[in-house]
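Engineer: pasting the sequence and the predicted coordinates here, then a few questions.
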2 protein chains.
Amino acid sequence: MAAYDKPTLIYFNILGRGEPIRMTFAACGIEYDEESVPYGDMKGQAGSKEWPFGQAPVLRTQGSTLTQMTAIMRYVAARFKPELLGSTLEERATVDALLEGIDDLYLKYIDCVYTDQLSPPARDALWAKHFNPMTAQERNGGGHLRFIDGFLERSGGPFLLGAAPTIADLFLFFALEAFSRDVCFGNRPAQIYPRLGVFQEAVADLDGLKERLASSARASLSFNGNGVG
Amino acid sequence: MAAYDKPTLIYFNILGRGEPIRMTFAACGIEYDEESVPYGDMKGQAGSKEWPFGQAPVLRTQGSTLTQMTAIMRYVAARFKPELLGSTLEERATVDALLEGIDDLYLKYIDCVYTDQLSPPARDALWAKHFNPMTAQERNGGGHLRFIDGFLERSGGPFLLGAAPTIADLFLFFALEAFSRDVCFGNRPAQIYPRLGVFQEAVADLDGLKERLASSARASLSFNGNGVG
């Protein structure tokens, strides 16, 4: 039997956009290698086969270089645990839409982290526009925590699609970790949206993922590259 | 035999983020209905089953409401012409990554259209940072036409993955149409990146899509909602 070709994740030594991929591997029960980003190569060779978009994370596997966080999460699940993608075409499309919608919200947070260092006024503005349930019907570019909570409400929980977890749950769990740190909103999201607490408990209990969440390697990593948030 | 449940696309009477979905239906040879967005409902019911993210396009089909442009394109292809998604897991992941990377670039253009009305200084800045081949190794958030051209270079063309078209080609074709209008960059992209001309000819010749591109219904639509670009 040929040796298993272990995929290699290349990312920075932070949680960031690498962590939802690590969590996907964990939930699939699959081992992988990890290497740090050689920053000079990544930028100097931007647009090459090795660095197609001059960005990390990338995943090297089967002779291919795969890029973009959600594309890599979907790939890992498709290869090792396809039920994490949803079980019908409509469910899969809903998972895909949720990945986009969670990312729309996460990007508002990331912008606040990197542009405004999560200053109290910027954080308050972020809450007001994208988290306060009273503003969901205003202009928010499709990024609002109430929208995500609506999926949990309609599915009946504990997961976004109902009884079975998907990669959208992994990304949402990670985003909620970021939003709920003391330096960001603390326990306000779970207080205002009580379904989130039930959701977080269910995800934290998933086989494989449980071990990743409890690992000291994970605990040692910063959330973001600038030490904020 | 049960009547075919025709999917209904709900979008504005513009090209915008609805058009790559229409082009996907066309390339699949599938009929669909179309309705205009009831703007008051969309915002007033933002977060509901009918308007999960308070945004359009949405696709109503099989009793489900699907959202987010790339999720809908992937769904339509998966259901009606799966070869448009790529033929191996690695190819599918590459198509997914390209959809993200093309969107990163398209969003820079959209920001220039809606924030700066494509004013000449804003348009020049857009070109300098995201289109000029000399700047691909600088900071650009992963959005640069050279990155997309790199995929065509490595595949050998005429399509992004080589001999067979995918939904990433449909989105790129549409984005290039937007970039190449006289009010934007005219024929500069194809002059600087000659592979794009070959690509555009090949996509324009695809069965089904050809008819959509030549239709008077399409010709009558504006590109963007503010009449610019």
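Structural biologist: Perfect, I can see it now.
Engineer: quick check: A:Gly29 touching A:Asp207?
Structural biologist: Yes - the pair A:Gly29 / A:Asp207 is scored as a contact, 7.2 Å apart, by CB atoms under 8 Å. No exception for glycine: its C-beta is placed from N, CA and C like everyone else's.
Engineer: settle it for me: which of those two has more neighbours?
Structural biologist: Per other CB atoms under 10 Å in any protein chain shown, whichever of A:Gly29 and A:Asp207 has more neighbours is A:Gly29, with 12 against 9.
Engineer: so who does that one touch?
Structural biologist: For A:Gly29, the contact set (CB atoms under 8 Å, 6 or more residues apart in numbering or on different chains) comprises A:80-81, A:207-208.
Engineer: quick check: it vs B:Pro189, distance?
Structural biologist: 45 Å (CB to CB, to the nearest Å).
Engineer: got it, and A:Gln45?
Structural biologist: Remark: distance between A:Gln45 and B:Pro189 (CB to CB) = 23 Å.
Engineer: these two: which has the busier surroundings?
Structural biologist: Higher neighbour count among A:Gln45 and B:Pro189: B:Pro189, with 20 against 15, using other CB under 10 Å.
Engineer: who are the packing partners of the helix or strand hosting the more buried one?
Structural biologist: Counting by DSSP states H and E, the element that carries B:Pro189 is helix B:188-192. Helix B:188-192 sits against helix B:195-204, with contacts defined as 3 or more CB pairs under 8 Å, 6 or more residues apart in numbering or on different chains; DSSP states H and E.
Engineer: give the buried residues for the helix it packs on.
Structural biologist: Judged by neighbour count using 16 or more other CB atoms under 10 Å in any protein chain shown, the buried positions of helix B:195-204 are B:195-196, B:199-200, B:202-203.
Engineer: am I right that A:Ala26 falls within a helix?
Structural biologist: Yes - A:Ala26: assigned to a helix according to DSSP: H, G, I helix; E, B strand; the rest coil.
Engineer: how deep is it tucked in, by neighbour count?
Structural biologist: Neighbours around A:Ala26, by other CB under 10 Å: 22.
Engineer: can you check A:Asp33 too?
Structural biologist: When neighbours are counted by other CB under 10 Å, A:Asp33 registers 10.
Engineer: surely it meets A:Ile10?
Structural biologist: No - under the criterion of CB under 8 Å, A:Asp33 makes no contact with A:Ile10, lying 9.4 Å away.
Engineer: contacts only, for the closest residue to A:Phe185 other than its chain neighbours.
Structural biologist: Once flanking residues are discounted, A:Phe185 sits nearest to A:Phe179: 5.4 Å by CB to CB, 6 or more residues apart in numbering or on different chains. Applying CB under 8 Å, 6+ apart to A:Phe179 gives the contacts A:109, A:131, A:145, A:185, A:189.
Engineer: which regions of chain A lie under the pLDDT threshold?
Structural biologist: For chain A, the stretches with pLDDT under 70 are A:1-3.
Engineer: tell me the contacts of the most centrally placed residue in chain A?
Structural biologist: Residue closest to the mean C-alpha point of chain A, counted by CA atoms, centre = their mean, is A:Phe171 at 3.0 Å. For A:Phe171, the contact set (CB under 8 Å, 6+ apart) comprises A:20, A:70, A:73, A:98-99, A:102-103, A:106.
Engineer: just the element for it, please.
Structural biologist: For A:Phe171, the enclosing helix or strand under DSSP H and E is helix A:167-179.
Engineer: got phi/psi on A:Asp33?
Structural biologist: Note on A:Asp33: backbone dihedrals following degrees, to the nearest 10 are phi -100, psi 160.
Engineer: typo on my end, A:Thr61
Structural biologist: In terms of degrees, to the nearest 10, the main-chain angles of A:Thr61 are phi -160, psi 140.
Engineer: so it is in contact with A:Thr8, correct?
Structural biologist: Yes - using CB under 8 Å, A:Thr61 is in contact with A:Thr8, at 7.2 Å.
Engineer: need the single longest helix in chain A, by residues.
Structural biologist: The helix spanning the most residues in chain A, taking DSSP state H as the definition, is helix A:89-116.
Engineer: pull out the buried residues from that one.
Structural biologist: Buried residues in helix A:89-116 (16+ other CB under 10 Å): A:89-106, A:108-110, A:112-113.
Engineer: likewise stretch A:181-196?
Structural biologist: For stretch A:181-196, using 16+ other CB under 10 Å, the buried residues are A:184-185, A:189-190, A:192-193, A:195-196.
Engineer: one more: stretch A:150-159?
Structural biologist: Of the residues in stretch A:150-159, those buried (16+ other CB under 10 Å) are A:150-152, A:155, A:157-159.
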